[in-house]
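Enquirer: Just a sequence and a predicted model for now, questions to come.
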Amino acid sequence: MPNQLYRYPLMLLALVTLIAAAWGGLLRLGWSWPVLHPTLPINHGPLMVAGFFGTLIALERAVAMGKAWAYVSPLLSGIGALLAAFDLGEQIGPILMTLGSFWLMLIFSAILRKHRTGYMFVMSLGAVALLVGNLLWLIGWPVFQLVLWWAGFLVLTIAGERLELGRMVQKSSASQSLFYGITALYLAGLATLLFSWDLGVRLSGVGMLGLAFWLLRFDIARQTVKREGLTRFIAVCLLSGYIWLIVAGWIAMRYGGYPAGPIYDAMLHSIFLGFVFAMIFGHAPIIFPAVLGFDIEYKPRFYLPLILLHLSLILRVAGDMADLGWARLWGGLVNVIALLLYLGVIAPISKIGRKK
């Protein structure tokens, strides 16, 4: 296995990209803060999804594989994100990020050859969705037309992981067939985006609704939320995230394709902040120790940034739907504060050392 110290600069790349993406997002909202580079607000979406999440998930998979070649994916994505953030080298940044997503697909292909399971196939399709989104971005498609492909990367990865962990709970063949049927519908929605954007958004919304309701009904989190400590915290993160996926799915199904504006903002941030970051909050105490060798001791104050994230997102989405600019503006700012607060909450109680 590669030396553990090799992972630190890759995690640092991911965190720097997260901060750059968040700064760009606040500038897009309208905060009059220093513009570090004119392209930073424009690249907010690519940096957050293809940059931060692409690097983080690829790093997690590389560590799990324990193969040196797998680390190429987070390296390409991380360096590409930094170049794209400040528009260095023209198209070099997007090219590297696209290559990183291709390498991630190779990682999943290698895993799939050893573990031919339905959940691994779903996660592999998530990597394909990231690659498709990056390729469309690279050839010049506007972000609003491809962003749901990026969302598909995260939705499918998370859904596949939850299906994998759900093996501990006996599920009927009917419930599993329902999961794969909903996933197929969701994939059909993504494919439809390529030739009928508005219809594709609506079908993807139906797929998100289906997956969210399936997860609320069948995920093991329904049982683990009755326990205590970190186990309950993770379950609360998961279940609250599924609620936001329902919100996103309903908005997409109800309103269809919007190239910009409040509806677009509400739909995307219900996915990426409400659903995905709730998953990150829940899994970081597990991912960080596995990747960096930190032992993170659970504390009840973990709930503070989670509550702040959800409350601020409610304010933001309500501002979007009611066309209240001040609510969207302040909700977005507190969204970022919640993310930074979470990093601050878990950092002081992380004990550095090789995981036993």
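Expert: Received the coordinates, thanks.

Enquirer: so where's the stretch 151-300 of the chain shaky on pLDDT?
Expert: For the stretch 151-300 of the chain, applying pLDDT under 70 flags the ranges 166-171.

Enquirer: Name the nearest residue to Ile286, sequence neighbours excluded.
Expert: The shortest distance from Ile286 to any non-neighbouring residue, by Cβ to Cβ, 6 or more residues apart in numbering, is to Ile234 (7.8 Å). Just so you know, the C-beta spots here come from the backbone N, C-alpha and C atoms, and that holds for glycine as well.

Enquirer: Now do the contacts for the nearest residue to Leu125 once chain neighbours are set aside.
Expert: For Leu125, ignoring the flanking residues on the chain, the nearest one in space by Cβ to Cβ, 6+ apart is Leu156 at 5.3 Å. Neighbouring residues of Leu156 by Cβ atoms under 8 Å, 6 or more residues apart in numbering: Val122, Met123, Leu125, Gly126, Ala129, Thr183, Tyr186.

Enquirer: For the residues you listed, which entry has the maximal number of neighbours?
Expert: Neighbour counts for the contacts of Leu156 (other Cβ atoms under 10 Å) peak at Tyr186, which has 28 neighbours.

Enquirer: pretty sure that one contacts Arg202?
Expert: No. Using Cβ atoms under 8 Å, Tyr186 and Arg202 do not qualify as a contacting pair, with a distance of 12.0 Å.

Enquirer: And the helices in the stretch 1-150 of the chain, which stretches?
Expert: Counting by DSSP state H, counting those that start in this stretch, the stretch 1-150 of the chain has these helices, from start to end: 7-29, 39-42, 44-46, 54-65, 72-85, 92-114, 118-138, 143-165.

Enquirer: Which among the ones you listed is found nearest to Leu339?
Expert: With distances scored as Cβ to Cβ, the stretch of the helices of the stretch 1-150 of the chain nearest to Leu339 is helix 7-29 (6.7 Å).

Enquirer: Going by contacts, tell me the helices and strands next to the closest one.
Expert: Contact here means 3 or more Cβ pairs under 8 Å, 6 or more residues apart in numbering; DSSP states H and E; on that basis helix 7-29 packs against helix 39-42, helix 44-46, helix 54-65, helix 72-85, helix 278-292, helix 325-346.

Enquirer: between that helix and helix 54-65, how many degrees?
Expert: With axes from the mean of the first three to the mean of the last three Cα atoms, to 10 degrees defining the directions, helix 7-29 sits at 160 degrees from helix 54-65.

Enquirer: Just the buried residues of helix 7-29, please?
Expert: By 16 or more other Cβ atoms under 10 Å, the buried positions in helix 7-29 come out as 7, 10-11, 13-14, 16-27, 29.

Enquirer: same question, stretch 71-91
Expert: For stretch 71-91, using 16+ other Cβ under 10 Å, the buried residues are 71-85, 87.

Enquirer: Need the mean per-residue confidence for it.
Expert: Average pLDDT, stretch 71-91: 88.

Enquirer: Give me the distance between it and the centre of its chain.
Expert: Relative to the centre of its chain, stretch 71-91 is centred 18 Å away, using Cα atoms, centre = their mean, to the nearest Å.

Enquirer: Pull that stretch out as PDB, backbone CA atoms only.
Expert: Extracted in PDB, the C-alpha atoms of stretch 71-91 (Å, rounded to 0.1, in the frame of the first residue of the first chain):
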ATOM      1  CA  TYR A  71      -4.000   7.500  -6.900                       C
ATOM      2  CA  VAL A  72      -3.600   9.000 -10.400                       C
ATOM      3  CA  SER A  73      -7.300   9.800 -10.400                       C
ATOM      4  CA  PRO A  74      -7.400  12.100  -7.400                       C
ATOM      5  CA  LEU A  75      -4.100  13.600  -8.400                       C
ATOM      6  CA  LEU A  76      -5.400  14.500 -11.900                       C
ATOM      7  CA  SER A  77      -8.700  15.800 -10.600                       C
ATOM      8  CA  GLY A  78      -7.100  17.900  -7.800                       C
ATOM      9  CA  ILE A  79      -4.500  19.500  -9.900                       C
ATOM     10  CA  GLY A  80      -7.000  20.100 -12.700                       C
ATOM     11  CA  ALA A  81      -9.400  21.800 -10.300                       C
ATOM     12  CA  LEU A  82      -6.700  24.200  -9.100                       C
ATOM     13  CA  LEU A  83      -5.800  25.100 -12.600                       C
ATOM     14  CA  ALA A  84      -9.500  25.600 -13.600                       C
ATOM     15  CA  ALA A  85     -10.100  27.700 -10.500                       C
ATOM     16  CA  PHE A  86      -7.800  30.400 -11.700                       C
ATOM     17  CA  ASP A  87      -8.100  29.700 -15.500                       C
ATOM     18  CA  LEU A  88      -4.400  28.700 -15.700                       C
ATOM     19  CA  GLY A  89      -3.300  26.900 -18.800                       C
ATOM     20  CA  GLU A  90      -6.500  27.500 -20.700                       C
ATOM     21  CA  GLN A  91      -8.100  24.100 -21.100                       C
END
